[in-house]
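J.: structure here, sequence nowhere to be found:
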C-alpha cells in the first residue's frame, strides 16, 4: 500500500532537514513524499532538490513542486495534485514523525480491510513540545470527535491520515486562510461523515510549539481578524450542513466558546481593547442560541464569564467544562 506524505515548506532551509530525516526513517514502503516550496526567499528550494537527488528511489518517490500563492493551504493543494498513494498524510516542515508512524497507520487500515471494513480517516495521538523544552500529550479522544476537534484541534495537520479519494471529495484546503486552515478543513472532513478509526498506543508525532520560529507561532493579537474570520466560516459550514438541528446548535455554541477563548487570549496578551468587544460578541451569540432562557441567565452565562476569566489568567482545563456546559 503506497502512502503519500505532503509537506509545504516556506523559509525552512535550516529546519526542514530534521523533518525530512524523520520521513526517510519510516519503516513502511512504498512511500511517496511530495514537497512544495511556497516560493521561499532562503535556500529552502535548494535543500529540497538536494534531498530529492539523494533519496529518490523506486519505493521512496520524492516530488518537489512550487506554489506561488502564499498560504500553506495552497501549497498543500498543489502537493495533493501530485499524490499517487491510496492514503495521504499532511505534515508540517518543523515537526517530527517517529519511524513507526506510517506502519502503524497501515496496520490499522489492513486490519479493518480484513474484517471487511473500509476506513476514510485515522486520528492519531501526538506530543507537543514547548519553548522551555517541556512536553505534554495533546488532547486525544475517541468519543465526541466533533466537539474534541472544535475544542482541541484533534484533526490538526499532522494528526491523521486520510483516504485520498475521500479527501478529494471534500474540496481540499481553503487557500485563502492564512491561519487555522487545518482546524477548518478538519471540520469539513467530519461534516463529510468519514468512517473513522484511532491509532492506539504511544504518540508517534512530535509537534513543535517551540517559540517564534514555530509555524504555530506564539501570539494572536497581531493577526487580529484572521482568527475571527475562520470561526465565522466554520459556523456557516455547520449551519449549512446536514447535521441534526440539535447538533448544529451545540457545535455553533462550541465555536462561539472558541471565539471567547480567543478574546481571553487577547486579554492575556495585554490587549483588553480587542478582548472586550470580542467577548461581548461571543456571549451575545451564545445567549441567542439559548433564547435568553432561565438556563442561560442562571447557569450558563455565569459559568461562561468564569471560563473567560479562567482562560485569561492562564489556567487550563476550561475546555472540559465547556464540552459539558454547551
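T.: Nice, I can see it. Only a predicted model underlies this, so the values are computations on that prediction, with no experimental measurement involved.
J.: so, low pLDDT: which residues of the protein?
T.: 210-218 (pLDDT under 70).
J.: closest to the centroid, which residue in it?
T.: In the chain, the residue lying closest to the centroid (C-alpha atoms, centre = their mean) is residue 156, at 1.8 Å.
J.: now it. Nearest residue, chain neighbours left out?
T.: Nearest non-adjacent residue to residue 156, counting by C-beta to C-beta, 6 or more residues apart in numbering: residue 182, 5.2 Å away. Just so you know, the C-beta spots here come from the backbone N, C-alpha and C atoms, and that holds for glycine as well.
J.: swap in residue 140?
T.: residue 125 (4.2 Å).
J.: mind checking how far the residue nearest to the centre of the chain is from residue 121?
T.: Taking C-beta to C-beta, to the nearest Å as the measure, residue 156 falls 13 Å from residue 121.
J.: can you pull out the helices in the chain?
T.: Ranges of helices within the chain are 16-24, 44-55, 72-81, 101-114, 145-152, 164-168, 181-191, 226-239, 245-268, 272-290, 294-295, 301-312, 318-325, based on DSSP state H.
J.: mean neighbour count and distance to residue 88 added to those helices, as a markdown table?
T.: Shown next, in a markdown table, are those (neighbours: other C-beta atoms under 10 Å; distance: least, C-beta to C-beta, whole Å):
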| stretch | mean neighbour count | distance to residue 88 |
| --- | --- | --- |
| helix 16-24 | 18 | 14 |
| helix 44-55 | 17 | 19 |
| helix 72-81 | 22 | 7 |
| helix 101-114 | 17 | 11 |
| helix 145-152 | 21 | 18 |
| helix 164-168 | 17 | 5 |
| helix 181-191 | 21 | 12 |
| helix 226-239 | 17 | 22 |
| helix 245-268 | 20 | 26 |
| helix 272-290 | 17 | 35 |
| helix 294-295 | 10 | 43 |
| helix 301-312 | 17 | 35 |
| helix 318-325 | 16 | 29 |
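J.: distance to residue 1 added to those helices, as TSV?
T.: TSV is the format used below for these (distance: least, C-beta to C-beta, whole Å):
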stretch	distance to residue 1
helix 16-24	17
helix 44-55	20
helix 72-81	18
helix 101-114	6
helix 145-152	24
helix 164-168	11
helix 181-191	20
helix 226-239	31
helix 245-268	34
helix 272-290	44
helix 294-295	50
helix 301-312	43
helix 318-325	35
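J.: out of these, which comes closest to residue 205?
T.: helix 101-114 (6.5 Å; C-beta to C-beta).
J.: ok now that closest one, how far from the chain's centre?
T.: Its chain's average C-alpha position is 22 Å from that of helix 101-114, according to C-alpha atoms, centre = their mean, to the nearest Å.
J.: just give the closest residue to residue 2, not the sequence neighbours.
T.: Using C-beta to C-beta, 6+ apart, the nearest residue to residue 2 is residue 85, at 4.2 Å.
J.: sorry, that was for residue 97
T.: Nearest one to residue 97, counting by C-beta to C-beta, 6+ apart, is residue 22 at 4.9 Å.
J.: so that neighbour sits against residue 93, correct?
T.: No - using C-beta atoms under 8 Å, residue 22 is not in contact with residue 93, being 11.1 Å away.
J.: quick revisit: against residue 106, how distant is the residue nearest to residue 2?
T.: According to C-beta to C-beta, residue 85 stands 11 Å off from residue 106.
J.: now do the shared contacts for these two.
T.: Common neighbours of residue 85 and residue 106 (criterion: C-beta atoms under 8 Å, 6 or more residues apart in numbering): 1, 3.
J.: contact partners of stretch 93-105?
T.: So stretch 93-105 is contacted by 3, 5, 7-10, 12, 15-16, 18-19, 22-23, 25-28, 31, 87, 89, 91, 122, 124, 158, 161, 199, 201, 203-208, 213-215 (C-beta under 8 Å, 6+ apart).
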